[in-house]
Every structure is written in C-alpha cells, then in structure tokens.
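K.L.:
coords below, sequence missing:
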C-alpha cells in the first residue's frame, strides 16, 4: 500500500480519491493542451456541443455542472479560435454549433480521449472496472451530481 505522507490529514479513501482525481485532471489538461491547444474543460465543452448541436449555454452549464458564467468564459476563448458559433434560435436565445474547425478538432480530440480512457483502464479486468465505475458514480451522486 502506498503511503501519501504525514501531510495528508484526510481519511484514507478521501485522500486517495482526491489525489487520483487531481492526477487525472492534471494529466488530462497537459495532454489536451499538447494535442489540441485547449484545456480539458474547453475540450469537454466542444465534445458536449458536438453531441448536442444547437444546445443553449444554460443547458451546457447544467450538463457540465458549472455556473453559466463559467461557460461564458470557456466560450469566449473557443469562439475566438473560430471553433464554435452562436446561432440565434429565436428572439432571445442562441444555439451553440461547431464550426468546421471545431468538428476537425473534436475528431482529433476523440483519439486523445480514447488513449486517456485506455490508460485509466489499464491493468483492470471488466469486473474491477465495473466496481470502480459504481464507486465513482455513487460518489458523484452522493456529493451533488445528477444521477
């Protein structure tokens, strides 16, 4: 069993969960920036818009579990890179759509996501991955995520 040092005043399971989440986030950001020039948060936004063309900013915020103002900040950068368009859907609302450049970046990003996913699953059989998935899903819901 790995020791995380005397600096960790948290219970064992919480400490390991937080450390693992932080390590995955750091690696994901580093790899996303290296392969796409975007942070993992910006990349998640693009992948979400690709999966739901025409979605509204509020829907994106709900899906990502963040405030609408956070989505505004993410959109500012990716719109400046000509990856996303806002298209008026009625008098007041805008739908979000990928540009051709956005679609191309999503295609290359999916390969990045597949490599990261394979790295996360490496060394575990299907039964172990199911237990890990149940733990992560239950933790997410228990701490405020949508079921």
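P.N.:
Noted; the coordinates are in hand. The structure displayed is predicted, hence computed values, not measured ones. Numbers count the residues shown, from 1 in each chain.
K.L.:
Skipping adjacent residues, who's closest to residue 53 in space?
P.N.:
Taking Cβ to Cβ, 6 or more residues apart in numbering, and ignoring the residues beside it in sequence, residue 53 has residue 97 as its nearest neighbour in space, at 5.3 Å. Glycine gets a C-beta too; all of them are placed from N, C-alpha and C.
K.L.:
what pairs with the one you found across the strands?
P.N.:
With DSSP bridges as the criterion, residue 97 is bridged to residue 85.
K.L.:
That one: neighbouring residues, count only.
P.N.:
Counted with other Cβ atoms under 10 Å, the burial measure for residue 97 works out to 16 neighbours.
K.L.:
Spatially central residue in this protein, please.
P.N.:
The C-alpha lying nearest the average C-alpha coordinate of the chain belongs to residue 44 (Cα atoms, centre = their mean; 4.2 Å).
K.L.:
biggest helix in this protein, by residue count?
P.N.:
Using DSSP state H, we find that the single longest helix of the chain is helix 12-36.
K.L.:
mind listing what's buried in the helix or strand following it?
P.N.:
Secondary structure here is assigned by DSSP states H and E; on that basis, the next helix or strand after helix 12-36 toward the C-terminus is helix 40-51. When neighbours are counted by 16 or more other Cβ atoms under 10 Å, the buried residues of helix 40-51 are found to be 40, 41, 42, 43, 44, 45, 46, 47, 48, 49, 50.
K.L.:
quick check, nearest of the residues you listed to residue 82?
P.N.:
Taking Cβ to Cβ as the measure, residue 82 lies nearest residue 46 of the buried residues of helix 40-51, at 12.2 Å.
K.L.:
Tell me who's in contact with that closest one.
P.N.:
38, 78, 83, 84, 98, 102, 105, 106, 109 (Cβ atoms under 8 Å, 6 or more residues apart in numbering).
K.L.:
and those as a markdown table, adding neighbour count, pLDDT and distance to residue 135?
P.N.:
Converted to a markdown table, the contacts of residue 46 look like this (neighbours: other Cβ atoms under 10 Å; pLDDT from 0 to 100; distance: Cβ to Cβ, whole Å):
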| residue | neighbour count | pLDDT | distance to residue 135 |
| --- | --- | --- | --- |
| 38 | 21 | 87 | 29 |
| 78 | 22 | 93 | 32 |
| 83 | 24 | 96 | 34 |
| 84 | 22 | 96 | 34 |
| 98 | 19 | 97 | 33 |
| 102 | 21 | 96 | 34 |
| 105 | 24 | 93 | 32 |
| 106 | 19 | 93 | 29 |
| 109 | 21 | 86 | 27 |
